[in-house]
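*Asks:* give the three-dimensional model of this entry:
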Amino acid sequence: GGSTGFGRAYRDRLRRNWGVVDVDDCINGAKFLIERGLVDPKRIVITGGSAGGYTTLAALAFRDFFQGGASHYGVSDAAALARDTHKFESRYMDWLIGPYPEEEELYRERSPLFHAERLSKPVIFFQGDEDAVVPPNQTEAMVDALRSRGTPVGYLLFSGEQHGFRQAANIKRALDAELYFYAIEVFGTGLTF
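*Replies:* Numbering: from 1, shown residues only. Predicted coordinates:
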């Protein structure tokens with residue numbers, strides 16, 4: 001829900017339902033694959049960047065379906081995004097959740113950071129140190145909250161990267177680290193190169 005190209009009704013499903021409709025869609029898509037025998041439900045993970053990173057964290061915090069995940073420069077505090085993001089996206093949150101600060105309680109309810117105690121599955125975070133859209137302090141607050149609870153967490157901060165990695169070496173390192181993290185923390189298999 002919320003994607004373009006499938007008609008207005010499909011796009012409008014996400015209106016004021018960010019963290020609900022997108023999570024439902026991911027779980028339903030995964031269930032479809034499980035029912036067809038294409039995915040092992042005991043080893044299913046979720047990954048996403050930016051808004052997809054938020055969906056990843058919301059799915060892990062608010063549902064018990066995925067076995068782990070990866071957040072690439074993802075939102076953990078929706079209110080902080082509404083307050084601190086750059087001018088280009090500043091009012092988009094009104095459409096996704098509701099007007100801020102009028103709907104501040106709903107922002108808190110939908111923010112994985114304030115429900116870290118519900119997230120018990122392994123999760124790895126990737127963040128650029130120059131990210132002005134989702135600043136590193138959002139990711140670091142989530143990492144700290146999970147580490148204090150003993151949740152398996154990985155965190156890689158990339159120097160010189162912004163919102164979305166551009167350097168090929170960093171993209172490769174992030175993908176390798178994500179696979180390694182899953183192999184160790186989620187699948188329990190390790191990796192052989």
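*Asks:* avg pLDDT for the helix or strand where residue 48 lies?
*Replies:* Per DSSP states H and E, residue 48 falls inside strand 46-49. If you average the pLDDT over strand 46-49, you get 98.
*Asks:* low-confidence ranges in the protein?
*Replies:* Across the chain, the ranges flagged by pLDDT under 70 are 85-90, 193.
*Asks:* can we see that at 50?
*Replies:* Within the chain, no stretch has pLDDT under 50.
*Asks:* and what about the residue nearest to the spatial centre of it, helix, strand or coil?
*Replies:* Centroid-nearest residue in the chain: residue 53, 2.2 Å away (criterion: CA atoms, centre = their mean). Put simply, residue 53 is helix when judged by DSSP: H, G, I helix; E, B strand; the rest coil.
*Asks:* surely it is in contact with residue 81?
*Replies:* No: counting by CB atoms under 8 Å, no contact exists between residue 53 and residue 81, whose distance comes to 11.2 Å. The C-beta positions use only the backbone N, C-alpha and C, and glycine is treated the same way.
*Asks:* ok, the closest residue to residue 41 other than its chain neighbours - how many residues close by?
*Replies:* Sequence neighbours aside, residue 34 is the residue nearest to residue 41 in space, at 5.0 Å (criterion: CB to CB, 6 or more residues apart in numbering). Using other CB atoms under 10 Å, residue 34 is surrounded by 13 other residues.
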